[in-house]
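**Student:** Quick one, structure for this:
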Amino acid sequence: MSDPRYAIYYAPPPESALWTFGCRVLGYDAATAAPVPALGPLDVKPKRWAEMTASPRRYGFHGTLKAPFRLSGSATEDDLVAAGRAFARTQAPFPLPPLKVAALGSFVALVPDGEAPELARLSDGCVEAFDRFRAAANPAERARRQEAPLTERQTVALERWGYPYVFEDFRFHMTLTGALAEDDVAPTVEALARLYADHVGAAATEVNAVTLFVEDNPAEGFRIVDRFVFQG
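**Tutor:** Just a heads-up that it's a prediction; the model follows:
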């Protein structure tokens, strides 16, 4: 069995309409580590929708704050939990900015409908606060990250932080599909936008915690370990 991978994600409050929507689109609830009835476009067959969402389903519904990493030799899961609780004591809740369904290249995601400086600051804090627990990426992981064209700054970030899209290059998003064929992107955006309006709409959601996820092995996908509620 490979070493577990951990990540610090934003996951909406479990009672929120946003969490229910995201889990159902992916067909998986990372809080229970169990499948849920999928919610997809009416004109897409369930089997096809399962294929279109296979990649993000592995990670669970989330917005990345500190990308997946393996623990350094001396660190433990208990250390991460303790650090998460300490971090949460320094953070205050804030409203999640309005989101919209959009295409990010060939995949579809929820993204802020405008600037999101508080989310960027939260990500910056997570990148720095939890990095002491991160083992250096192995050659295969570094090579996979370098398959995408990276700027010089992103290459430096990959070496320093284990992930290229941090600080100035951070863009908050909550992935809803894997890479799609070009002809499927626009119809999928339109269909998911309608579903989002129907199931979430203008319901307010708060960023009141960061969540620790773990992937025990690639065959099982990520699940929630703990949710660190802000107390600042």
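**Student:** hmm, which helix or strand of the chain has the shakiest average pLDDT?
**Tutor:** Counting by mean pLDDT, DSSP states H and E, the chain has its least confident helix or strand at helix 139-145, which shows a mean of 76.
**Student:** which residues in this structure form strands?
**Tutor:** Assigned by DSSP state E, the strands in the chain fall at 5-10, 28-29, 34-35, 63-70, 94-95, 99-104, 107-112, 174-175, 206-207, 209-215, 222-229.
**Student:** Contacts for the least confident helix or strand of the chain, please.
**Tutor:** Identification of contacts with helix 139-145 by C-beta atoms under 8 Å, 6 or more residues apart in numbering yields 137, 158, 163, 164. From N, CA and C alone the C-beta is placed, and that goes for glycine too.
**Student:** Now for the nearest residue to residue 124 once chain neighbours are set aside, how many residues are close by?
**Tutor:** Nearest non-adjacent residue to residue 124, counting by C-beta to C-beta, 6 or more residues apart in numbering: residue 167, 6.0 Å away. Using other C-beta atoms under 10 Å, the number of residues around residue 167 comes to 13.
**Student:** Can you pull out the low-pLDDT segments for this structure?
**Tutor:** Applying pLDDT under 70 to the chain flags the ranges 1-2.
**Student:** Counting only helices, which of the contacts of helix 139-145 make the cut?
**Tutor:** Using DSSP state H, the subset of the contacts of helix 139-145 located in helices is residue 158.
**Student:** which one of the contacts of helix 139-145 is nearest residue 10?
**Tutor:** Ranked by distance to residue 10 (C-beta to C-beta), the contacts of helix 139-145 are led by residue 163 at 15.3 Å.
**Student:** Residue 126 is in contact with the closest one, correct?
**Tutor:** No - using C-beta atoms under 8 Å, residue 163 is not in contact with residue 126; the gap is 11.0 Å.
**Student:** the helices in this protein, which residues?
**Tutor:** Along the chain, the segments classed as helices by DSSP H run 17-26, 46-52, 54-59, 77-88, 117-129, 139-145, 152-161, 182-199.
**Student:** which of those sits most buried?
**Tutor:** The highest average neighbour count among the helices of the chain, using mean count of other C-beta atoms under 10 Å, belongs to helix 17-26 at a mean of 23.
**Student:** Need the contact partners of that one.
**Tutor:** For helix 17-26, contacts defined as C-beta under 8 Å, 6+ apart pick out 11-13, 29-30, 36-40, 53, 56-57, 60-61, 96, 99, 110, 174, 176, 192, 195-196, 199-201, 203, 205.
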